[in-house]
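>>> Return atomic coordinates for the entry below.
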Amino acid sequence: MSEDGGVVNAGLSGRARQLMRADALDVAEAIVLDRGYRGVNMQEVADRVGVARQTLYSEFGSKQGLASALVLRLTGRFLDGIERALAAHPEMRAAWWAAARYTFDAAADNPLLKAVLVGDGSGELLPLLTSEAAPVVREATDRLVTGVCRRWPGLDHAEVGVAAEAATRLALSHLVLPLHPPDVVAEHIAELVVRFLGHQG
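All right, here's what the predicted structure looks like:
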């Protein structure tokens, strides 16, 4: 297995494999947005990318593996913006509030996330953000720990990890089942992190 959950494809060079993987995810995303997840067919994706279907299966393992990789790539895009929001504020509470609010604002305008949450085939995709969300939570936690500890180097990495995982789970919970306005949830996340880490500045 590769680090991001794909099956290592020994038939392609590293660079060629990366390009094929990115092309396959682009094609799959376009199909999801056009026809829903149920419209995704591995043979069609392979044909549009220009590889054998077995190559695609060797890379992703299954259609569900392709979906998981698609959600992880979406997570990475969100995390890019979250890291920028955290870095833009010197005070921790404001930084975490901004990061959470960015997440919710970006999610509201993201068509792929909407397809995951409520689109055709969402019953198959939604577990990737709920009962099968471990890869997403790990990816978010790891990147948040790196960014936060770089921003505030005196913090304990393990404690930041606990706070980051809790914040990630709260954010995912809000995306899946929003019970409060985004501002309120962002404040809850910021308060949780600051209180747990005992850091006001």
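
>>> ok, the spatially most central residue of the chain - contacts?
For the chain, the residue nearest the mean C-alpha position is Thr75 (1.6 Å; C-alpha atoms, centre = their mean). Contacts for Thr75 (C-beta atoms under 8 Å, 6 or more residues apart in numbering) come out as 136, 139-140. (Glycine included, C-beta is placed from N, CA and C.)

>>> Mind checking what helix or strand follows the host helix or strand of it in sequence?
Thr75 is part of helix 63-87 when elements are defined by DSSP states H and E. Moving toward the C-terminus from helix 63-87, the next helix or strand (DSSP H and E) is helix 92-108.

>>> How far off centre is the helix or strand following that following helix?
As assigned by DSSP H and E, the chain's next helix or strand after helix 92-108 is helix 111-118. Mean-position distance between helix 111-118 and its chain equals 13 Å (C-alpha atoms, centre = their mean, to the nearest Å).

>>> residues making contact with helix 111-118?
Outside helix 111-118, the residues that reach it (C-beta under 8 Å, 6+ apart) are 29, 32-33, 36-37, 70-71, 74, 107, 121-122, 125-126, 128-129, 175-176.

>>> Show me which of those are buried.
Taking 16 or more other C-beta atoms under 10 Å as the criterion, what is buried in these is 29, 32, 37, 70-71, 74, 107, 121-122, 125-126, 128-129, 175.

>>> mind checking the backbone torsions on Leu19?
When read as degrees, to the nearest 10, the backbone of Leu19 gives phi -70, psi -40.

>>> Run a quick neighbour tally on it.
When neighbours are defined as other C-beta atoms under 10 Å, Leu19 has 13 of them.

>>> Contact partners for Val162?
Here Val162 is in contact with Phe196 (criterion: C-beta under 8 Å, 6+ apart).
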